[in-house]
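Enquirer: structure here, sequence nowhere to be found:
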Ligand SMILES: O=C(CO)[C@@H](O)[C@H](O)COP(=O)(O)O
Ligand SMILES: [Fe+2]
């Protein structure tokens, strides 16, 4: 069944290891690579932007030499660095800090955001720009030409195992309608049961955590995620 948008770039699966056994991080990562995952997705959480604390650059740096994957780019071994737009925005009604749950009204600090993009490029990584569920998609449009990927969060960031938010699909579609070749990533609650919605909206990079990590047969999950993209 052909349910994806016809001209989207090739589908890729990124395994999020947030809900894995973090004490066994390197074997969990290798298990995901063996299962056919195209990328490993590491959620660096600082306890401020999201109400959770995970790991930072030292963990990425230690992990990299233990993985049978291609050349590293950034100093710590990451190939891509995705950051959120919200810290560069004026926050709406809560008037509080730029955390992931405060609604964004706009007024993006374009210069600071562009500087962040430049800084990532100078460190030889691909650049991703993400938005949380309450952030309107049009705020990323001015940056699309300068980044490699736009991430549309399909859960409120912070934790694995949450339910997929179908109401984020119009954001994906409005990006795909404007940018035929852009890598558009969805992250949060993505499973074989809802991947058809992602495909038909035009997402081509699928982050999947719990559905892969907790499956007894993660290779089958990767295959099922990709199967809706086959014509
Ligand atoms: O960024 C996040 C959560 O903030 C994610 O990467 C998810 O944690 C993916 O895991 P599942 O939602 O698929 O369990
Ligand atoms: Fe994530």
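Expert: Alright, I've got the coordinates. If you're wondering where the values come from, they're calculated on a predicted model, not measured in any experiment. Ligands and ions are numbered 1, 2, ... in the order given.

Enquirer: interface residues of the protein facing ligand 1?
Expert: Contact residues (CB under 6 Å from any ligand atom) of the chain with ligand 1: 16, 18-19, 41, 43, 155, 157-162, 187-190, 207-211. The way it works is simple: take the backbone N, C-alpha and C, and place the C-beta from them, glycine included.

Enquirer: just the buried members of those residues?
Expert: For the residues of the chain next to ligand 1, a burial check counting by 16 or more other CB atoms under 10 Å picks out 16, 18-19, 41, 43, 155, 157-160, 187-190, 207-211.

Enquirer: and the closest residue to residue 59 other than its chain neighbours, how many neighbours does it have?
Expert: Excluding its sequence neighbours, the residue lying closest to residue 59 (CB to CB, 6 or more residues apart in numbering) is residue 25, at 7.3 Å. Applying other CB atoms under 10 Å, we find 18 residues neighbouring residue 25.

Enquirer: helix/strand/coil for residue 25?
Expert: What DSSP: H, G, I helix; E, B strand; the rest coil gives for residue 25 is helix.

Enquirer: for it, what are its contacts?
Expert: 17, 59, 63 (CB atoms under 8 Å, 6 or more residues apart in numbering).

Enquirer: and which of those residues is nearest ligand 1?
Expert: Nearest to ligand 1 out of the contacts of residue 25 is residue 17 (CB to the nearest ligand atom; 8.7 Å).

Enquirer: show me which of the residues of the chain next to ligand 1 neighbour ligand 2.
Expert: 43, 187 (CB under 5 Å from the ion).

Enquirer: quick one: contacts for residue 22?
Expert: Applying CB under 8 Å, 6+ apart, the residues near residue 22 are 28, 55.

Enquirer: which of the residues of the chain next to ligand 1 fall within helices?
Expert: Among those, the members found in helices (DSSP state H) are 210-211.

Enquirer: return the subset of the residues of the chain next to ligand 1 lying in strands.
Expert: Among those, DSSP state E puts 16, 41, 187, 207-208 in strands.

Enquirer: take those and write them to a markdown table, including pLDDT.
Expert: What follows is those, written out as a markdown table (pLDDT from 0 to 100):
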| residue | pLDDT |
| --- | --- |
| 16 | 98 |
| 41 | 98 |
| 187 | 98 |
| 207 | 98 |
| 208 | 98 |
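
Enquirer: what mean pLDDT does the helix or strand containing residue 196 get?
Expert: Using DSSP states H and E, residue 196 sits in helix 195-201. Averaged over helix 195-201, pLDDT sits at 98.

Enquirer: buried ones in that helix?
Expert: Buried residues in helix 195-201, defined by neighbour count with 16+ other CB under 10 Å: 195, 197-201.

Enquirer: any idea how far that helix is from the chain center?
Expert: Offset of helix 195-201 from its chain centre (CA atoms, centre = their mean, to the nearest Å): 15 Å.

Enquirer: for that helix, packing partners?
Expert: Counting contacts by 3 or more CB pairs under 8 Å, 6 or more residues apart in numbering; DSSP states H and E, helix 195-201 packs against helix 169-178.
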